[in-house]
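>>> need a 3D model of the sequence below.
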Amino acid sequence: MESVDSSKAVEITDGIYWIGYNEEESGFRCNPYLIVDENEAILIEPGSVPHFPYVYEKVKEVVDPQKINRILVSHQDPDLCASIPIFKNKIQNPDLRIITHTRASVLITHYGAELPYYLVDQNHWRYEMSSGRVLRFIFTPYLHFPGSFVSLDEKSKTLFSGDLFGAFTFDWNLYAGDGYIEALKAFHENYMPSNDILSHSMKKLEKLDIERIAPQHGSVIPRPMVAEVIACLKELECGDYLFEDDSE
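Next up, the predicted model:
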């Protein structure tokens, strides 16, 4: 397992950085990322309000924040996008937009960011940067939001997966290793609605050429583990109804 200094931004592959906060007392780590490509940058799942100071300092380690012209969020939960209004006030880029799904945009608006949207479902499920680099979006409905999607950076073959492939663990490392499968199961059993819905999206993802998975929770999953985690979730029984007491 690769050990890293989580107090600093970590380049997980060329031009892609983990910029999260290692909250040691929590088993529920949140992972913002940053893609830097020539003169622009995309902030991915920027995080919560309490984590903002740590994330912003790491952004500044990597790039002038004014180069950020897109903020990508896979859904509307506060742990991944409540800090958007604060970032908006720091980033004085008139071209700043939020990349998300139409269904999520309706709810993200209530955070008060007042930014234009680039809606993946209205733009052929792709976004092209000025260099020609393409992000491809794959619809993963109800995992765990009706408009959820994952984002594949075609250049690095990095899959930014939102809540999918996340994990609960106090024994955290930036990179997944031994024991990650059980932590992955614990997360998905409680957060994903059913095997039918989960398996449907895994069948889409198993066809992709993925070098690494970068989830919003848990750890970055390297290529040797990619097929294993997809196969695991394809078969996993999940949903809180599994634990429901019929007498209640």
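
>>> please name the nearest non-neighbouring residue to the residue nearest to the spatial centre of the chain.
Central residue check for the chain by CA atoms, centre = their mean: the C-alpha nearest the mean position is that of Gly162, 3.2 Å away. Nearest residue to Gly162 in three dimensions, chain neighbours excluded: Ser74, at 3.2 Å (CB to CB, 6 or more residues apart in numbering). To be clear about C-beta, it is placed using only N, CA and C from the backbone, and glycine gets the same treatment.

>>> which strand or helix spans that neighbour?
In the assignment (DSSP states H and E), Ser74 maps to no helix and no strand.

>>> residue contacts, it?
45, 80, 100-101, 104, 148-151, 160-163, 216 (CB atoms under 8 Å, 6 or more residues apart in numbering).

>>> mind putting these into TSV with pLDDT, secondary structure and distance to Gly132?
As requested, these are exported to TSV (pLDDT from 0 to 100; DSSP: H, G, I helix; E, B strand; the rest coil; distance: CB to CB, whole Å):
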residue	pLDDT	secondary structure	distance to Gly132
Glu45	96	coil	24
Leu80	91	helix	28
Thr100	98	strand	23
His101	98	coil	24
Ala104	96	helix	27
Ser148	96	coil	27
Phe149	97	strand	22
Val150	98	strand	21
Ser151	98	strand	17
Phe160	98	strand	19
Ser161	97	coil	24
Gly162	95	coil	25
Asp163	93	coil	30
Gln216	94	coil	27
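
>>> can I get those in CSV with distance to Arg223?
Formatted as CSV, the entries for the contacts of Ser74 read as follows, by distance: CB to CB, whole Å:
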residue, distance to Arg223
Glu45, 21
Leu80, 24
Thr100, 27
His101, 27
Ala104, 29
Ser148, 23
Phe149, 22
Val150, 16
Ser151, 17
Phe160, 15
Ser161, 14
Gly162, 19
Asp163, 21
Gln216, 19
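
>>> tell me where the model's unsure across this structure.
Where the chain drops to pLDDT under 70, the residues are 1-2, 25-27, 240-248.

>>> same thing but at 80, please
The model of the chain has pLDDT under 80 over residues 1-3, 23-29, 169-171, 239-248.
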